[in-house]
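Q: sharing a model that was predicted from the sequence below.
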Amino acid sequence: MDMLKKVVRENDEHKMQYRTLIEDFHDKDFVFSRGNGYPFVTKTILMRMNRILDKTSIKKHATPHIFRHTYISMAAEAKIDIATVMEKVGHEDMKTTMKIYTHVTNKMKKDASEQISNLYGNILEKITF
């Protein structure tokens, strides 16, 4: 969250500078915007993202929308309650959040295995044959 706060603070500083320099500055409070305050064009974002992905080992086609899935899955992994996650992402239907956006991570699988092992391990220890 510190990194996001830093980005927001820097964006606010840039907005203040541009507001004084650009007569028709458009401030609709976008998290990321061009110098004139208007949002980035989707094609530009995709091109930049693809340039970055080309420099990685990631071969899967991805769009910025993947970050929405990642955010929700990471929130689930961190055990943040579903109502809070739904509010943050603007979902009204829990099914949308759970079935479409929440993906089971390796950490979630590992944690579940450990919990089951602990549960059944304790039960088996109490049984005498």
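A: That came in fine, so what should we check first?

Q: residue 50 - that's part of a strand, no?
A: No - counting by DSSP: H, G, I helix; E, B strand; the rest coil, residue 50 is not part of a strand but helix.

Q: number of nearby residues for it?
A: 12 (other C-beta atoms under 10 Å). C-betas here are computed from N, CA, C, even on glycine.

Q: kindly report the same for the one 4 residues further on.
A: Applying other C-beta under 10 Å, we find 9 residues neighbouring residue 54.

Q: for it, what are phi and psi?
A: phi -60, psi -20 (degrees, to the nearest 10).

Q: distance of residue 82 from residue 94?
A: 6 Å (C-beta to C-beta, to the nearest Å).

Q: the two: who's more crowded?
A: Between residue 82 and residue 94, counted using other C-beta under 10 Å, the more crowded position is residue 82 (15 against 12).

Q: so what pLDDT did the residue nearest to residue 102 when sequence neighbours are not counted get?
A: Sequence neighbours aside, residue 76 is the residue nearest to residue 102 in space, at 4.8 Å (criterion: C-beta to C-beta, 6 or more residues apart in numbering). For residue 76, the pLDDT comes out at 96.

Q: which ones are touching residue 76?
A: Contact partners of residue 76, counting by C-beta atoms under 8 Å, 6 or more residues apart in numbering, are 82, 85, 102, 108.

Q: tell me where this protein has helices.
A: 2-21, 42-54, 66-77, 82-89, 94-95, 106-126 (DSSP state H).
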